[in-house]
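Q: below is the sequence, then the predicted model.
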Amino acid sequence: MKISDWIVLWVCFCVFTAVVFAHEQHAPEATAEPEKTLAAEPTVRGTHDARTWFTDTPLQDQNGETLRFYSDALENRVVLLNVIFTSCTDACPLITRKLKEVRDMLGEQAEGITFISLTSDPLRDTPAVLKAFTLKQGVDDPHWLFLTGDKAKIDLVLRRIGQIVPSPEQHSTQLIVGDVANKRWSKIRPDAPAAAIAQRLQLLTMPVVGR
């Protein structure tokens, strides 16, 4: 094969790779990942430091209620965090329905686990728009918060959980699960089986040995 042919093949490969990475953010990913601490989180020593890190930024839920992000949504809870935007027509509604299936599998245990869906499009996703989305998807649940707010405030919160993006469509579809009190965090790919996601959450509700 001529050198010029190798050069053409190499250029084609680079272009293909760039396209794949450009679409990775909003594409469904495969299987669950091993448990690990959030890479962006520094060493945290108790509630005060955790509140400082995650911030107590005031946001609004789907009912128009103002909630402080750490104190009202995270503190002492087992949580599942994800990012959506309501005008999304593919990944977001699919993942929302998957998470509804997870809550159904958890049964009564679901009442002790808070799901938090943060919008990546706060300029359009007002509380009323989020409320309509929850009703359409059948997920209007007191233990499932859909949060929005001023763009600067949403951006701050997304940045602290490693989910800040330049545009709504580029948000990550990964799920973040955590036992906030014991600082146990991990990420799960959204196309993991609903049963596997439910099991990971159930494990986080179990007491930590030695504490």
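A: Perfect, thanks for sending it.
Q: okay, and the nearest residue to Asp150 once chain neighbours are set aside sits in which element?
A: Nearest residue to Asp150 in three dimensions, chain neighbours excluded: Pro122, at 6.9 Å (C-beta to C-beta, 6 or more residues apart in numbering). Every C-beta, even on glycine, is put in place using the N, C-alpha and C of the backbone. Remark: Pro122 resides in no helix or strand, with elements defined by DSSP states H and E.
Q: quick one: Pro122 from Val83, how far?
A: Distance, Pro122 to Val83, by C-beta to C-beta, to the nearest Å: 11 Å.
Q: ok, Lys151 next?
A: 14 Å.
Q: neighbour count: these two, which is higher?
A: A direct count of neighbours by other C-beta atoms under 10 Å for Lys151 and Val83 places Val83 higher, at 26 against 11.
Q: what's opposite the spatially most central residue of the chain in the beta bridge?
A: Nearest to the mean C-alpha position of the chain, counting by C-alpha atoms, centre = their mean, stands Asn82 at 1.7 Å. Here Asn82 sits in beta bridges with Ser117, going by DSSP bridges.
Q: what is the neighbour count of the nearest residue to Val83 once chain neighbours are set aside?
A: Leaving aside its sequence neighbours, Val83 sits nearest to His171 (C-beta to C-beta, 6+ apart; 4.3 Å). His171: 25 surrounding residues under other C-beta under 10 Å.
Q: after the helix or strand bottoming out on mean pLDDT in the chain, which helix or strand is next?
A: Between all helices and strands in the chain, the lowest mean by mean pLDDT, DSSP states H and E belongs to helix 3-24, at a mean of 36. Moving toward the C-terminus from helix 3-24, the next helix or strand (DSSP H and E) is helix 47-54.
Q: just the C-alpha atoms of that next one, please, in PDB.
A: The C-alpha trace of helix 47-54 is given here as PDB (Å, rounded to 0.1, in the frame of the first residue of the first chain):
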ATOM      1  CA  THR A  47     -21.300  17.600  57.300                       C
ATOM      2  CA  HIS A  48     -19.900  21.100  57.300                       C
ATOM      3  CA  ASP A  49     -17.300  20.400  54.600                       C
ATOM      4  CA  ALA A  50     -19.800  18.400  52.500                       C
ATOM      5  CA  ARG A  51     -22.200  21.300  52.600                       C
ATOM      6  CA  THR A  52     -19.500  23.600  51.500                       C
ATOM      7  CA  TRP A  53     -18.500  21.400  48.600                       C
ATOM      8  CA  PHE A  54     -21.900  20.500  47.200                       C
END
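Q: just the helices in the protein please.
A: 3-24, 47-54, 91-106, 127-137, 151-160, 194-204 (DSSP state H).
Q: and the ones you listed, which one averages the lowest pLDDT?
A: Ranked by mean pLDDT, these end with helix 3-24 in last place, scoring a mean of 36.
Q: what sits against Phe115?
A: 79-80, 82, 99, 103, 141, 143-145 (C-beta atoms under 8 Å, 6 or more residues apart in numbering).
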